[in-house]
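Q: Requesting a structural model of the entry that follows:
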Amino acid sequence: MNQTRLHAWHLAAGAKMATFAGFDMPISYPLGSVEEHLVTRRSVGLFDIDHMGQVEVTGPGADDFVSGLVSARVLDMKDGDARYSLLLNEEGTVIDDLFIYRIPGAWWIVVNASNKEEDLAWMAARARERKRDDVVIEDRSEETYMIAVQGPRAIELLDAASDSSISAYPRFSSGRARVLGAPCLVGRTGYTGEDGVELFFPAAEAERLWTGLLAEGGKRGIEAAAIGLAARDSLRFEAGMPLHGHELSQSISPLEAGFKWACDLEKEFVGKGAVEKLAAAGVSRKLVGLSVQGGVPREGFEVQDEAGRKVGAVVAGMFCPTAKLFAANAFVEPALAKSGTALKVVIRGKPAPAVVVKRPLYVPAYRR
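A: Just a heads-up that it's a prediction; the model follows:
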């Protein structure tokens, strides 16, 4: 079992721990996952996400290599840009979804914890196949620590704790700053639907920076709390963000999941041919959001039309604390994917009323 450098801190804080992607991670704290969710929505939440992986790609051929590897357009990115993309296999389904940062002289790629080893192996295999001796792929995960600072007052907190103005960074950009004295790559990115940053810094600074940010919030009257993975999941769910293994996977095409926008079909990338073929043929299912009455819709639950015919299945479902409703993400037949369509989710053997709803399920604070 792997542990992050904040493991002892989480235990001392009374966190409920569980295994996730091979790490013993905090699921929730005594505050409770619903309140943790709401703290992030109204102020600031801190997330220990050091289980995620960081890969650096350098070399004279790095630009061309990365462009051919991922689905999004990246060659137009300037130093400081950040962009969401997908890593596809030859069948056009999703090995992983990731964030790419263009930093001086390198590409910084953040991958999901459960997929890190497979992602690295896939990248290395593509480099070997193409005889790319001009590309260096390095796993920087061990030496790099990663935390997220998210919420409507997150930038206010970071501005107070940094030697430069984080508020000057546009969303989906990055830069270098010293946060409480620690040298950080600061990404104006996140996985909650709120404003905020993801910080990358030397692993030895983990506890000092974590406790320092919590203390800085207290000193400045900014409510800030540690947030576990349960609230991280409900936050991303309300925001309409995918979790690999649920809304995206190696059995799901980006076209089925509504992520065609992350595929630049004007350039070459692994899986492009399969994506184009499916686009021409048409998908047989689409990802939708459902508002559900009568219980919690869980992964694998059957979705039916009004006549009781099976038309799909739930891939994720939960209570949404901000939207104050039970909701699900499900793949259904394309004809039933229109907002307002009445469906049913079978919960404990009984069909529960459901309706297709637009995502995200709430309006983020920074858009109001």
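
Q: Strands of the stretch 251-368 of the chain, residue ranges please.
A: 286-292, 302-304, 310-320, 325-332, 342-347, 350-357 (DSSP state E, counting those that start in this stretch).

Q: Between those strands, which one is closest to Val44.
A: strand 310-320 (20.2 Å; Cβ to Cβ). C-beta: built from backbone N, CA, C; applies to glycine.

Q: who does the closest one touch, helix- and strand-wise?
A: Applying 3 or more Cβ pairs under 8 Å, 6 or more residues apart in numbering; DSSP states H and E, we find strand 310-320 packed against helix 229-238, strand 286-292, strand 302-304, strand 325-332, strand 342-347.

Q: Turn the ones you listed into CSV, including mean neighbour count, mean pLDDT and distance to Asn115.
A: Formatted as CSV, these follow (neighbours: other Cβ atoms under 10 Å; pLDDT from 0 to 100; distance: least, Cβ to Cβ, whole Å):
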stretch, mean neighbour count, mean pLDDT, distance to Asn115
helix 229-238, 24, 98, 16
strand 286-292, 23, 98, 19
strand 302-304, 20, 98, 27
strand 325-332, 23, 98, 19
strand 342-347, 21, 98, 28
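
Q: Any chance of TSV for the ones you listed, columns distance to Trp122?
A: Formatted as TSV, the helices and strands packed on strand 310-320 follow (distance: least, Cβ to Cβ, whole Å):
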stretch	distance to Trp122
helix 229-238	24
strand 286-292	24
strand 302-304	32
strand 325-332	25
strand 342-347	35
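
Q: For Val357, which of the ones you listed is the nearest?
A: The nearest among the helices and strands packed on strand 310-320, by Cβ to Cβ, is strand 286-292 at 4.8 Å.

Q: mind saving the C-alpha coords of the closest one as PDB?
A: C-alpha atoms of strand 286-292 as PDB (Å, rounded to 0.1, in the frame of the first residue of the first chain):
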ATOM      1  CA  LYS A 286     -24.800   8.600 -25.500                       C
ATOM      2  CA  LEU A 287     -23.800   9.800 -22.000                       C
ATOM      3  CA  VAL A 288     -26.600  11.800 -20.300                       C
ATOM      4  CA  GLY A 289     -27.200  13.200 -16.900                       C
ATOM      5  CA  LEU A 290     -30.300  12.100 -15.000                       C
ATOM      6  CA  SER A 291     -32.200  13.600 -12.100                       C
ATOM      7  CA  VAL A 292     -33.700  10.600 -10.200                       C
END
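
Q: quick one: it to chain centroid distance?
A: Centroid separation for strand 286-292 versus its chain: 19 Å, with Cα atoms, centre = their mean, to the nearest Å.

Q: Select, out of the strands of the stretch 251-368 of the chain, the one closest to Ala204.
A: Evaluated with Cβ to Cβ, the strands of the stretch 251-368 of the chain place strand 310-320 nearest to Ala204, the distance being 36.0 Å.

Q: The closest one pairs with which strands, and in what direction?
A: strand 302-304 (antiparallel), strand 325-332 (antiparallel) (DSSP bridges).

Q: got a list of contacts for that strand?
A: Residues outside strand 310-320 that contact it (Cβ atoms under 8 Å, 6 or more residues apart in numbering): 34, 233-234, 237-238, 243, 246-247, 285, 287, 290, 292, 296-305, 325-333, 336, 343, 345, 361-362.

Q: okay, the angle between it and helix 229-238?
A: 120 degrees (axes from the mean of the first three to the mean of the last three Cα atoms, to 10 degrees).

Q: Strand 310-320 vs strand 350-357, what angle?
A: Using the same axes, to 10 degrees: strand 310-320 against strand 350-357 is 80 degrees.

Q: can you state the direction angle for strand 310-320 and strand 286-292?
A: Inter-element angle recorded for strand 310-320 and strand 286-292: 60 degrees (by the same axes, to 10 degrees).

Q: From Phe331, how far off is Gly295?
A: 20 Å (Cβ to Cβ, to the nearest Å).

Q: again but with Asp163, I slipped
A: 47 Å.

Q: Same question for Arg140.
A: 35 Å.

Q: same question, Ala231
A: Distance from Ala231 to Phe331, by Cβ to Cβ: 25 Å.

Q: Likewise for Ile49?
A: From Ile49 to Phe331 the distance is 27 Å (Cβ to Cβ).

Q: What segments of the stretch 51-200 of the chain are strands?
A: Secondary structure of the stretch 51-200 of the chain (DSSP E, counting those that start in this stretch): strands at 53-58, 82-88, 94-103, 106-111, 136-139, 144-150, 174-179, 182-187, 196-202.

Q: between these, which gets nearest to Glu223?
A: Closest among the strands of the stretch 51-200 of the chain, using Cβ to Cβ: strand 144-150, at 12.9 Å.

Q: Determine the set of other helices and strands touching that closest one.
A: Where contact means 3+ Cβ pairs under 8 Å, 6+ apart, strand 144-150 is packed against strand 44-48, strand 196-202, helix 206-219.

Q: residues near Arg153, how many?
A: Per other Cβ atoms under 10 Å, the neighbour tally for Arg153 reads 21.

Q: Kindly report the same for Ser339.
A: Neighbour count for Ser339, taken as other Cβ under 10 Å: 11.

Q: contacting residues around it?
A: With Cβ under 8 Å, 6+ apart, Ser339 has these contacts: 356-358.

Q: Relative to Ala262, how far out is it?
A: Applying Cβ to Cβ, the value for Ser339 to Ala262 is 22 Å.

Q: pretty sure Thr192 is in contact with Phe237, am I right?
A: No. Using Cβ atoms under 8 Å as the test, Thr192 is too far from Phe237 to be in contact (10.2 Å).

Q: circling back: I'd like to know which of the helices and strands packed on strand 144-150 is closest to Ala225.
A: Smallest distance to Ala225 across the helices and strands packed on strand 144-150 (Cβ to Cβ): 6.1 Å, for strand 44-48.
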